[in-house]
Structure formats: C-alpha cells, structure tokens
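Asker: predicted model and sequence follow; I will ask about them next.
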Amino acid sequence: MRIAHVIPLIRLPRAMDGFDYAVPQECIETIRAGTFVAIPFRSSIVAGLVVGMLDGNTTKLKQIIRALPLFYADMRAQWQFFEWFAREYSVSQATALKTLLPAFPKSFLSGKIARRRAESSVPLHEYGDLHLSDCSVIHSDTEAPVTIISPETLQEKWSAYASLIKESLSRNSRIVIIFPTIHDAELFVPVARSNAGDCQTLLFHSGLSEGTLFYRWLELFSSGPACIIGTRMALCAPVHAVDTIIIDQAEGVEHIQHDMNPRFDSRRCATRIGLAACARVFLCSTAPRIEDRALYPIQGSASKHSVPIACVNLHDELRKSSTDIFITEPLIRAIEQCHAAKRGVFLFCNRTGRGSMAICNECGHIYSCPHCAKELKPFSVPPRLSCEDCKFSQPLNARCPRCSSVQIKYAGLGIEKIARTLMRFFPSTPIRELSAHESHAPFAASIHRKDERDAQALTQSIIVGTSYAISACSELFSDCGLVGVIHADPFLSVSDVRLLEHQWQTLAKLKFFAQSFNARMLIQAFDTSSNFIRTFLNNEYASFADAESEQRKRGGWPPYAKSIHLLYRPGARVPPEERRKSINDVIGYFSSPAKDPRCSLFLHRPLRKMKQPTVYEAVIRIARVDGQDDVPPSLREYLAHLPNDWLVDSEPLFF
C-alpha cells in the first residue's frame with residue numbers, strides 16, 4: 001500500500017515534522033509530492049501538503065480523506081523555500097506552512113466546491129516519489145541574484161517598476177512586488193494594472209478576508225503570467241514561473257514580522273525564493289541598509305540632482321531668544337512663503353504626545369510606569385499619561401505619588417506641544433496632528449479619500465506628523481511646498497545599534513518626497529557640523545554608511561555578526577523549578593566549551609517587571625565567517641530542540 005508523508009497546515013511544536021497517512025485506492029494516481037490533501041487530525045479536518053511517498057504497511061495509519069484539486073508544479077523549488085524557512089526561524093515545517101499559506105475554507109476541504117484541476121506546464125508525475133531528503137537547501141546568502149536600485153523620485157521609482165512588470169509579463173512569467181504597508185500596496189495597484197495589459201493583477205495583504213485571500217491564491221495555480229502585489233502575504237505565491245521579485249522601501253522595518261511567532265523578514269524570504277526559482281530580486285531603497293550594501297551591488301544612486309536643503313542652527317537661534325526654541329524665525333518665514341504660494345506645510349517630529357515625559361513641578365518626580373519603569377508620556381486626547389511599551393495609563397491630572405501635587409510640566413518634544421506653539425504664530429491657519437494615535441485616524445482617512453474639499457484644506461494647513469505620516473499617508477506630500485524637520489539631531493540608543501541608520505533613512509524618505517513634488521526642505525539641528533547632518537546635507541549616504549559600518553565592525557554587530565534573540569515565555573502552569581531549570585540549561589549551553597567557538601552569550605537578563613509574559617531574554621551573537629552559514633549547524637540543532645516556551649527571534653529589531 002502507498003503511504004504519504006503529509007505536513008498539516010497547523011501550528012505544531014518544533015520537534016514535529018509531519019505524519020504518515022494511508023493513500024486511498026482511488027487516489028493513488030492523483031496524490032504525489034506537492035499535492036494538497038484533506039486529512040483527519042484529532043477531531044477535525046485540516047489541509048496538508050504531501051512531501052513524500054513510500055510503500056509500507058498502512059494497517060495502523062489514518063487515511064487521507066480526499067485529494068484537493070491543486071498542487072505545486074515545481075515542488076523541488078517550493079520545498080527548498082519552505083524547508084529553509086522552518087530551519088532559519090527554528091519552527092516546525094507545519095508552522096512554516098501555516099505562516100506562509102492562506103487558511104483553507106472548510107467548504108473547500110469538505111469538497112462542496114466543484115473541483116478544478118490546476119493547469120500547469122509541468123506534468124504532475126515529473127518528480128516521481130520525491131521525499132524530504134531529495135530537496136537540498138542552499139545556505140549562502142551571497143549567491144542570491146539581488147540588485148539594489150536607488151530611485152531619486154516617486155515618478156522614477158514607479159517608472160522602473162512599470163518597466164520590470166512589462167519585461168516579466170512579456171516573457172510569460174510572473175512578477176511579485178512586496179510593499180511594507182497595505183496602503184503603499186493599494187496605491188500601486190492602478191499603476192500595475194495600467195502596465196499589466198490583459199494579465200492578472202492580484203493584491204495580497206492581511207486586511208483581506210480569509211476567503212478572499214484563499215481564492216486569490218487559488219487563481220495563481222491556474223493562471224498564467226500575473227503581477228502579484230502585496231505585503232508579506234505576497235510570499236504565499238507559488239515560486240513556479242516567478243521571474244522577478246521587487247522589495248519596495250527595502251530599508252523599512254515593516255518588512256519584519258516582529259509581533260508573532262515565527263518572527264521573519266520578508267526581504268530574506270524574497271532572496272531565498274529568488275534562489276529557489278532562479279528569479280531576479282530587486283531591493284528598492286533611497287538609503288539601502290548597511291547589511292544589504294555589504295552583500296549586493298547597487299544600481300543607480302541619488303547623486304544626479306538633489307532638492308536644496310536649508311539648515312538652521314538651533315544654538316544660534318537660541319542665542320537670539322526671539323522665538324520659541326524649535327519654532328525659529330527661518331522656519332516661520334519658510335511657512336509664510338509656502339502659504340503665499342498656496343501650498344501646504346509638513347513638519348516632521350518623531351515624538352507623539354505633549355512631551356517625552358511628565359515631571360512634578362513641585363518636587364521634580366518623574367512619572368513612570370509601575371510595570372516596566374519607563375517614563376509615562378502625556379497625551380491630551382484622551383487626557384492620559386501612557387506607557388508606549390506595556391500600554392499602562394493613568395489620568396493626566398493624577399496626583400504626584402511623592403508630594404500629592406497636581407502641578408505637572410511636560411518636558412521634551414512632542415507633536416502636540418509643537419502644534420500648540422505654532423498656534424501662537426499662525427492663529428488663523430488650521431494646524432493638524434498626524435500619528436498612529438487612534439485620535440488621528442479620521443484625519444488620516446480624509447487624506448486617503450482626498451476629495452476636492454480635503455485637497456483644498458491641505459494646501460491651507462500645517463501638518464505636524466511622525467514617521468506614520470511618511471509610511472501611511474504619503475499622498476499628503478503632493479500638496480506640500482515645504483517639508484520641515486523640527487529636530488534633526490540623531491537620538492542614540494544602547495539597545496538599537498541600527499537607530500542612527502534608521503534616522504538617516506527617515507530623513508532620506510522626507511527628501512525623496514520633497515524631491516518628487518518640488519517642495520523645499522528645511523531641517524533644524526543643534527550640531528550642524530556632525531557627520532550625521534553633514535552627510536545628509538551633502539547627499540553622501542555612502543560616506544555615512546561606511547563610517548557606520550566601521551563602528552559596527554569594531555563592536556561586532558551586523559553585518560559582521562548575526563544576533564539571535566531568545567525570549568522565554570512559559571505558561572502560567574509551569575512551576576518555578578522547571579522555569580529555573582530551562583533558563584539554566586540555556587545559559588549553561590552557551591557558557592560551556594562544547595558550543596561552537598563563533599557563538600557567544602552577549603546578554604541574558606530577567607524581565608520580571610514587565611507586564612508582558614516574557615520573563616527572561618538572552619541574546620546570542622554569532623561571528624560571521626566568509627563561506628560559512630550564518631548559524632553553525634550545532635546551534636541550529638540546539639535551537640530546533642528548544643522547548644516551545646522559548647521564542648527564537650532570528651531578526652531582532654533591538655534588545
């Protein structure tokens with residue numbers, strides 16, 4: 001009898017790879033490696049992917065319920081990607097499939113929907129009895145056919161995308177374009193459709209219903225050339241016939257899925273798909289990541305022309321003391337000139353609220369979170385003191401726990417404080433705030449609609465916004481004549497080695513939009529002679545990146561080392577003795593001489609004050625050696641057998 005090794009599309013522990021099922025007699029000619037099937041699992045029916053076939057005794061095995069009318073045409077390439085994903089992010093193969101593929105509707109599993117055989121140019125029986133061991137995984141990152149492109153304007157970027165779409169579809173192939181946000185993906189759909197001709201243009205993102213996602217994914221098994229647009233969800237596209245992959249805004253942290261398990265990076269996944277499918281991969285970025293610059297060639301640069309940037313020294317303005325410290329005279333004049341030309345103004349400050357902290361005016365007590373000890377940030381709408389990490393909040397007029405005073409002053413920057421100050425200088429001008437805060441959602445929605453009345457309001461107003469406005473409301477820049485940065489000096493962080501790079505990239509995005517819509521740009525800084533400000537004003541990102549890369553080389557940070565973040569989140573019923581044993585086992589392994597010499601335990605600490613379930617964290621640093629895998633095989637084997645209470649984050653944002 002025939003036996004099929006099936007990976008169910010459910011979340012399973014790391015140690016479980018799949019299960020054997022008996023193949024019904026009527027399905028022997030239909031089921032092969034790469035076929036999707038409906039299988040019994042516990043008390044329910046779930047979807048599964050057949051990854052191997054063999055002969056054996058089926059007496060004690062459950063039987064496959066039915067073969068589903070779709071299969072992977074190129075199972076070798078597809079399985080290379082799935083197996084790499086599970087191996088790279090230390091999850092089971094079942095969890096990898098559950099993460100990357102859409103949910104199967106019950107009506108499809110039950111066979112109520114008429115079956116449609118997926119048409120393919122590759123015969124179903126070409127690979128015969130393919131099994132897991134037949135699919136070798138490629139380990140080297142540097143072999144990926146990746147190119148970095150650096151457009152100067154939005155029009156130039158979309159023109160490059162349109163050319164790649166036409167080129168791929170003319171070869172009867174598919175192109176996948178991955179955007180960092182749903183909003184960016186939806187904005188590009190009309191451009192893609194105008195260049196795709198008669199070929200399909202399919203949109204994938206998490207905002208769609210499960211049924212819509214599934215049936216769009218199902219179309220990819222029977223359609224020919226197509227343009228696939230989306231966020232990380234676009235990774236579900238079958239690798240068969242994929243010719244080109246584009247990662248838009250490749251420097252953005254939004255490409256990392258960092259709030260669920262597994263935590264993965266769509267950029268690394270795209271390069272692996274490129275390897276498996278022999279497809280071209282393009283990373284589009286105005287300021288490419290330092291890690292990408294070290295690995296891939298750059299096509300084009302932002303040195304042909306650049307928007308003129310005015311720079312205001314805040315120290316000089318402070319000596320004049322004629323205006324507010326951050327609302328300087330040059331900024332006021334630039335706003336007045338912009339309004340005279342009937343264009344809008346966008347002022348950037350990446351700080352929400354009325355300030356960065358609340359301080360008692362009587363005794364100097366700083367209001368802090370009782371759970372994580374972080375300073376509470378004041379907000380006016382609603383009037384609360386809130387912790388941005390653990391979401392604790394208390395009334396804005398809460399009494400000081402030290403002296404019982406209700407007199408509070410707000411220190412630091414915040415878009416609410418800037419907006420209140422601007423009202424003194426421009427009392428008749430509408431001043432709006434824009435951030436990810438829920439109170440700003442109606443204004444963001446009006447920008448997305450952009451009817452005639454809203455467009456006229458934007459040209460007569462001043463918008464003070466955070467980085468949310470850059471990523472989620474980029475349409476507002478088309479009406480702006482001035483893009484200003486309130487405080488351009490970099491903020492440093494011990495826990496985020498990429499923070500300086502991220503801030504440079506944020507300024508580069510602002511310059512990108514200013515250049516795209518012929519707007520002026522003005523930045524304000526205390527230290528205008530710093531390397532950070534100097535390289536930005538002179539449009540010398542390569543110089544900044546080289547200096548930053550040298551700093552990381554001395555400190556042993558990416559791209560010269562890889563970091564893995566381990567988070568211990570035991571269940572509530574796990575006894576304290578078992579928790580201590582699990583933590584001591586991890587520390588003991590990385591402290592023992594038996595571990596790989598490239599690995600070191602950089603940091604380990606308890607997080608008992610956190611309201612979140614994490615109670616312990618450890619950061620592993622791995623020195624990179626040319627020609628070797630990022631993670632040593634012994635460490636991969638160890639991580640693959642960690643208890644499921646440990647979350648393995650191979651793409652940490654910070655520590």
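Answerer: It's in.

Asker: contacts for the top strand by length along the chain, please.
Answerer: Counting by DSSP state E, the longest strand found in the chain is strand 44-55. Under the criterion CB atoms under 8 Å, 6 or more residues apart in numbering, residues 1-10, 18, 21, 23, 31-39, 41, 65, 68, 72, 75, 79, 97, 104, 106, 109-110, 129-132 lie in contact with strand 44-55. C-beta coordinates here come from the backbone N, C-alpha and C atoms, glycine included.

Asker: and the strands in the stretch 101-250 of the chain?
Answerer: 146-149, 174-178, 200-204, 226-230, 242-247 (DSSP state E, counting those that start in this stretch).

Asker: and the stretch 551-655 of the chain, by the same measure?
Answerer: Going by DSSP E, counting those that start in this stretch, the stretch 551-655 of the chain shows strands at 561-568, 599-606, 616-623, 646-649.

Asker: for the ones you listed, which one sits closest to Ser461?
Answerer: strand 646-649 (41.2 Å; CB to CB).

Asker: other residues contacting the closest one?
Answerer: 89-91, 258, 261-263, 564-569, 582, 586, 639, 642.

Asker: same thing but 10 Å
Answerer: Strand 646-649 is contacted by residues 14, 88-91, 256, 258, 260-264, 563-570, 582-583, 586, 614, 616-620, 639-640, 642, 655 when judged by CB atoms under 10 Å, 6 or more residues apart in numbering.

Asker: can you tell me the closest non-neighbouring residue to Ile447?
Answerer: Of all residues not flanking Ile447 in the chain, Cys473 sits nearest, at 4.8 Å (CB to CB, 6 or more residues apart in numbering).

Asker: roughly how far apart are the one you found and Leu187?
Answerer: 11 Å (CB to CB, to the nearest Å).

Asker: remind me which residues of the stretch 51-200 of the chain are low pLDDT?
Answerer: 112-144 (pLDDT under 70).

Asker: what ranges do the helices span in it?
Answerer: 75-88, 93-100, 106-109, 154-170, 182-196 (DSSP state H, counting those that start in this stretch).

Asker: out of these, which is closest to Pro378?
Answerer: Per CB to CB, nearest to Pro378 of the helices of the stretch 51-200 of the chain: helix 182-196, 28.6 Å.

Asker: ok, and the closest non-adjacent residue to Ala94?
Answerer: Using CB to CB, 6+ apart, the nearest residue to Ala94 is Leu12, at 4.1 Å.

Asker: OK, contacts around that neighbour?
Answerer: Per CB under 10 Å, 6+ apart, neighbours of Leu12: Gly18, Phe19, Phe41, Val91, Ser92, Gln93, Ala94, Thr95, Ala96, Leu97, Lys98, Asn644.

Asker: one more time with 8 Å
Answerer: Ser92, Ala94, Thr95.

Asker: repeat that for Ala276.
Answerer: Ala77, Gln78, Gln80, Phe81, Ile138, Val239.

Asker: in a strand, it, correct?
Answerer: No. Going by DSSP: H, G, I helix; E, B strand; the rest coil, the assignment for Ala276 is helix, not a strand.

Asker: picking that back up, report pLDDT for the residue nearest to Ile447.
Answerer: At Cys473, the model reports a pLDDT of 81.

Asker: please apply the same query to Asp585.
Answerer: At Asp585, pLDDT is 91.

Asker: and it, how many neighbours?
Answerer: 11 (other CB atoms under 10 Å).

Asker: next helix or strand past the helix or strand of the chain with the lowest mean pLDDT?
Answerer: Ranking every helix and strand in the chain by mean pLDDT, DSSP states H and E puts helix 452-458 at the bottom, with a mean of 55. Next in sequence after helix 452-458, counting helices and strands by DSSP states H and E, comes strand 462-465.

Asker: what lines up beside that following strand in the sheet?
Answerer: Strand 462-465 sits in its sheet next to strand 344-348 (parallel), strand 431-434 (parallel), going by DSSP bridges.

Asker: if Val485 is in a bridge, with which residues?
Answerer: Those that pair with Val485 in a beta bridge, by DSSP bridges, are Phe348, Ile523.

Asker: I'd say it and Leu507 touch.
Answerer: Yes. Using CB atoms under 8 Å, Val485 is in contact with Leu507, at 6.7 Å.

Asker: what's the overlap in contacts for those two?
Answerer: The contact lists of Val485 and Leu507 share Ile523, where a contact means CB under 8 Å, 6+ apart.

Asker: show me which of the two is the more surrounded one.
Answerer: In this view Val485 and Leu507 are compared by other CB under 10 Å, and Val485 has more residues nearby, 25 against 21.

Asker: OK, contacts around the more buried one?
Answerer: Per CB under 8 Å, 6+ apart, neighbours of Val485: Leu347, Phe348, Cys349, Leu507, Leu510, Met521, Leu522, Ile523, Gln524.

Asker: still on that earlier bit, tell me the one among the contacts of Leu12 nearest to Leu537.
Answerer: Of the contacts of Leu12, the one sitting nearest to Leu537 (CB to CB) turns out to be Thr95, at 47.3 Å.

Asker: the residue nearest to Ile447 - how many residues pack around it?
Answerer: With other CB under 10 Å as criterion, Cys473 counts 21.

Asker: how about the contacts made by it?
Answerer: With CB under 8 Å, 6+ apart, Cys473 has these contacts: His183, Leu434, Ala444, Ile447, His448, Gly465.
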